Structure formats: structure tokens, C-alpha cells
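Colleague: Okay, here's the prediction I keep looking at, along with the sequence it came from:
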Amino acid sequence: MTLTAAPTAQGRYASTVTVTSDATGGGSTMEVFGTATAAAPAGETRIIDVPGVNTGDIRSNQPGGAVSIGSSQSTTFNITNTGNSTLTVTDIDPGHPVFTVSPTSGTVAAGASMAVTATYTPAAAGNSFSVMLITSDATSVLRDVITLSGIGSAAPVDSTRILGLSGNLAFGEVDTSVEMWEITTPLTISNSGNSTLTVTDVTTGNSVFTSDKTAGRDIEIGAGGTATVMLTFTPAEAISYSSTLTVTSDATSGTNTSTVSGTGSFTAPDPTRVLGLSGSLAFGDVTVGSSKSLEISVSNSGNATACWGSITAPSGVTFRTTSGGNYSDGCVMSGTAVTMVVKFTPPSTGAISGTIAFEANLSHGPFTSGSVSTMALSGTGVQ
């Protein structure tokens with residue numbers, strides 16, 4: 001069936017087509033409408049369109065998009081004129097009392113647009129539909145009809161953001177004697193409400209507990225959703241810690257605090273005494289009856305004091321401190337070094353060679369792996 005429009009004057013036309021038949025069911029009517037435009041001067045065009053909009057579905061951010069009875073929700077669309085002369089919109093009819101528009105008329109310059117806001121204010125629960133008609137002096141119509149729709153809610157739907165915290169926040173024991181001593185655990189933040197929850201801060205109350213929540217960057221959690229924040233425990237000393245973690249948000253209800261705890265421990269490392277000798281004991285020629293002294297460094301790179309009970313050496317070699325004291329036995333503390341004076345007094349003419357050897361004082365513990373406890377020695381007694 002073909003319908004033909006033959007307007008007799010400029011303006012908006014609407015009617016109802018009725019089909020008479022012996023049908024036992026189905027629809028027998030439909031609405032038809034159209035706009036008759038006036039002839040424009042040669043070369044003058046006014047082309048109306050509502051780009052990107054076929055249906056104005058007006059919804060809220062409540063579950064299902066429903067709008068509560070007594071409240072309103074709006075959407076905005078643009079009427080454009082792609083012609084070369086000014087378009088005059090004489091009327092914008094929303095078609096049903098639950099829908100209103102603003103403005104209801106106006107002018108649109110060539111190549112410009114006019115913003116129109118459609119507002120839905122439901123009077124009853126359920127779906128609402130209407131056909132919005134735009135009447136203008138357009139010479140050509142791309143689109144001037146929009147279907148408006150909305151859902152009315154019988155009762156206001158309260159916006160809820162229900163905060164929940166979960167996770168094992170008892171870190172247990174962390175050994176502070178281990179390099180990079182720390183442990184992490186996840187904190188799960190949930191939102192069992194019906195609207196988006198915004199978390200602005202996560203604080204722990206003690207600097208040994210930290211979170212990876214970035215300052216100034218909010219966490220958005222949708223309805224029924226969760227987010228994970230990693231917590232780290234880095235004990236400063238070997239004691240027990242306990243604090244209260246607090247999540248700051250726009251929650252309407254729920255729990256925003258939880259206890260965090262952990263214990264710092266310390267395991268003493270095995271003692272090490274790593275002796276080191278540096279310097280030279282090449283005395284060269286020394287006149288019999290006289291002496292020559294050289295200095296060497298005795299170091300300890302271990303973590304415990306290293307002690308020697310005696311030093312063996314060739315005949316004519318003695319040891320003392322730089323201040324003149326005896327140094328046949330002594331100690332050097334962890335991470336330090338001492339200077340030792342080695343004196344060579346040749347008992348006779350001729351070459352002497354050998355080594356000096358430090359013997360550990362076992363009452364303080366043995367020298368450990370990596371130690372250098374001997375040094376070569378040479379010299380010649382001359383007349």
C-alpha cells in the first residue's frame with residue numbers, strides 16, 4: 001500500500017490511517033505525519049536535521065535507568081541547519097505532557113545549530129513514549145521527528161554505596177635481618193550498593209604499613225564491584241606492631257576500618273672474622289747490628305672481632321704498634337683495620353726469607369673463609 005501526501009499549504013500535517021478488515025487480532029491503525037514547506041527563493045536553502053538522534057531515550061543513573069515519580073531527567077540534542085539561509089523553528093511539540101522541551105522555537109543561522117533540552121517527568125510508573133515534532137520553514141528535511149521515551153519508577157530509588165573490606169591483614173613475622181625485609185598482602189574493597197563508590201584515601205596509622213593507593217587519585221568502584229589495594233609491612237625493628245587501617249570514601253554505609261598487624265624479628269647472622277694483610281715486608285739490605293721497620297695493615301671485613309694469639313716469623317723479626325706497644329697478640333674490630341710495625345734486626349749476614357703467620361686466638365673464634373693470615377718476608381743482613 002502506498003500513501004501519498006499532497007499538502008495544500010505550508011505547515012505540519014498529522015492523521016491516522018485505519019485499515020478495515022476481518023482480522024481477528026493485531027493493529028488496525030497507524031499515525032502518519034509530515035511537514036509541508038514553502039517554496040524558497042531561487043538558490044535559498046534551509047535544511048533541517050537532528051544529527052545522531054533517532055530516539056531520545058531519557059534515563060537516570062538509577063538501576064534500570066528509571067526516573068522516580070515527581071523527579072525529572074533531561075537529555076539534550078541539536079537542531080542543525082546545513083542550508084545557506086536562516087532556518088526558523090516555529091514550534092517544537094513533545095507530543096505528551098510527561099515530556100517538555102526548551103526552547104520551543106528559535107532561529108538557526110546557516111551552518112549553525114540550536115541546542116534543545118527534552119525533559120521527562122513521569123506521572124506514573126511504567127514506560128512512556130511520544131513523538132516529538134519540529135515545525136519550521138525548512139526547504140528540505142533530513143530529520144525533524146524524534147521518538148521520546150522514558151521509564152517511570154513507582155517509588156524513589158535511594159542511591160546506596162555500601163563499603164566492605166576483606167583480606168588477611170595479619171602479616172605475621174618478618175625477619176629484619178634479611179635484605180629488603182618486607183611482605184605484601186591484598187586488601188579487597190567492595191561496593192554492594194547500587195551506585196558508584198569513590199575511595200579517596202587509604203591510611204594505615206603507622207608508617208611500617210603502607211598502601212599502593214596513589215595520593216590524589218581516586219578509586220571508582222561500580223555497583224557490585226571490587227577493587228584491590230596492595231598493603232606492605234616493613235618493620236623498623238624487632239617488635240610487634242598493630243594499627244587501624246581506614247578507608248575514606250563517599251560510602252552511605254558499611255565498614256571502613258580494619259586492624260593490620262605484624263611482627264618484626266631479628267635473626268643474628270653467623271659470626272665471621274675475615275682477616276686481611278696488605279703492605280710489603282721486603283726489607284732489602286740491613287746492616288748487622290741495626291734495624292729497619294716497615295708498616296703493614298691488618299684488616300677485618302667480617303662481622304665479628306678477629307683476634308690473634310701469636311705471630312710466627314723468622315729470627316730477628318718483631319712486631320709492635322705504631323705507638324711502640326707489643327703486637328704479638330691483638331684484635332681488630334669488624335669493618336676496621338690497624339697498622340702494625342714489623343721490625344727486622346738481622347742476627348748475622350746473609351739472606352733471610354720466610355713468612356709471618358697470624359694464629360687465631362680461638363677463645364675469640366677462628367678466622368673464617370676468605371682470610372689472609374700470612375705474608376711473605378725477605379731481607380739481607382750485611383756488614
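Modeller: Everything's here; your move.

Colleague: Can you spell out the domain ranges of the protein, please?
Modeller: The chain breaks down into these domains under automatic domain parsing: 43-153, 162-265, 275-382.

Colleague: what comes into contact with stretch 227-234?
Modeller: With contact meaning C-beta atoms under 8 Å, 6 or more residues apart in numbering, stretch 227-234 is reached by 167, 169, 171, 174, 181-189, 199, 202, 204, 208-213, 219, 221, 241, 245, 260, 262. Bear in mind the C-beta positions are built from the backbone N, C-alpha and C, glycine included.

Colleague: To clarify, my last question referred to stretch 351-361.
Modeller: With C-beta under 8 Å, 6+ apart as the criterion, stretch 351-361 contacts 273, 275, 277, 281, 298, 306-317, 319, 329, 331, 342, 344, 346, 366-367, 373-381.

Colleague: can you pull out the strands in the stretch 151-300 of the chain?
Modeller: Along the stretch 151-300 of the chain, counting by DSSP state E, counting those that start in this stretch, strands occupy 162-166, 170-175, 183-191, 197-203, 209-211, 219-221, 226-233, 240-249, 253-254, 257-265, 275-279, 282-287, 292-300.

Colleague: so G64 sits in a helix?
Modeller: Yes - counting by DSSP: H, G, I helix; E, B strand; the rest coil, G64 is located in a helix.

Colleague: looking at the sheet around the closest residue to it other than its chain neighbours, what are its partners?
Modeller: Using C-beta to C-beta, 6 or more residues apart in numbering and skipping the chain neighbours, the partner closest in space to G64 is I151 (6.7 Å). Beta-bridge pairing for I151 (DSSP bridges): N127.

Colleague: before we move on, back to that, pull out the buried residues from the contacts of stretch 227-234.
Modeller: Neighbour-count burial (16 or more other C-beta atoms under 10 Å) applied to the contacts of stretch 227-234 gives 167, 169, 171, 174, 185, 187, 189, 199, 202, 204, 208-211, 213, 219, 221, 241, 245, 260, 262.

Colleague: measure N54 to L148 for me?
Modeller: Using C-beta to C-beta, to the nearest Å, N54 is found at 11 Å from L148.

Colleague: same thing with V50?
Modeller: 12 Å.

Colleague: again, but for C331
Modeller: C331 is 95 Å from L148, by C-beta to C-beta.

Colleague: Among those two, which residue is more densely surrounded?
Modeller: L148 (23 against 15; other C-beta atoms under 10 Å).

Colleague: Dump the C-alpha coordinates for the host helix or strand of the more buried one into CSV.
Modeller: Using DSSP states H and E, L148 falls within strand 145-153. Below are the C-alpha coordinates for strand 145-153, written out as CSV (Å, rounded to 0.1, in the frame of the first residue of the first chain):
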residue,chain,number,x,y,z
VAL,A,145,10.8,13.9,14.1
ILE,A,146,12.2,12.2,17.2
THR,A,147,10.7,9.4,19.4
LEU,A,148,10.9,10.3,23.1
SER,A,149,10.9,7.5,25.7
GLY,A,150,11.4,7.1,29.4
ILE,A,151,10.6,4.7,32.4
GLY,A,152,8.8,6.0,35.4
SER,A,153,9.6,4.5,38.8
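
Colleague: From the chain's centroid, how far away is that strand?
Modeller: 40 Å (C-alpha atoms, centre = their mean, to the nearest Å).

Colleague: what's it packed up against?
Modeller: With contacts taken as 3 or more C-beta pairs under 8 Å, 6 or more residues apart in numbering; DSSP states H and E, strand 145-153 sits against strand 55-58, strand 67-68, strand 113-120, strand 126-136.

Colleague: The helix or strand that the last one is followed by pairs with which strands, and in what direction?
Modeller: Same thing as strand 126-136. Using DSSP H and E, the next helix or strand after strand 126-136 towards the C-terminus is strand 140-141. Sheet neighbours of strand 140-141, with direction, are listed as strand 47-49 (parallel) (DSSP bridges).

Colleague: Surely K213 touches D201?
Modeller: Yes - using C-beta atoms under 8 Å, K213 makes contact with D201 at a distance of 7.0 Å.

Colleague: which intervals of the protein have sub-threshold pLDDT?
Modeller: Residue ranges of the chain with pLDDT under 70: 1-3, 5-6, 8-15, 17, 23, 25-41, 62-63, 155-157, 179-180, 322-325.

Colleague: hmm, back to that, mind putting the strands of the stretch 151-300 of the chain into a markdown table with distance to A112?
Modeller: What follows is the strands of the stretch 151-300 of the chain, written out as a markdown table (distance: least, C-beta to C-beta, whole Å):
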| stretch | distance to A112 |
| --- | --- |
| strand 162-166 | 48 |
| strand 170-175 | 64 |
| strand 183-191 | 44 |
| strand 197-203 | 39 |
| strand 209-211 | 52 |
| strand 219-221 | 37 |
| strand 226-233 | 45 |
| strand 240-249 | 44 |
| strand 253-254 | 49 |
| strand 257-265 | 56 |
| strand 275-279 | 88 |
| strand 282-287 | 100 |
| strand 292-300 | 87 |
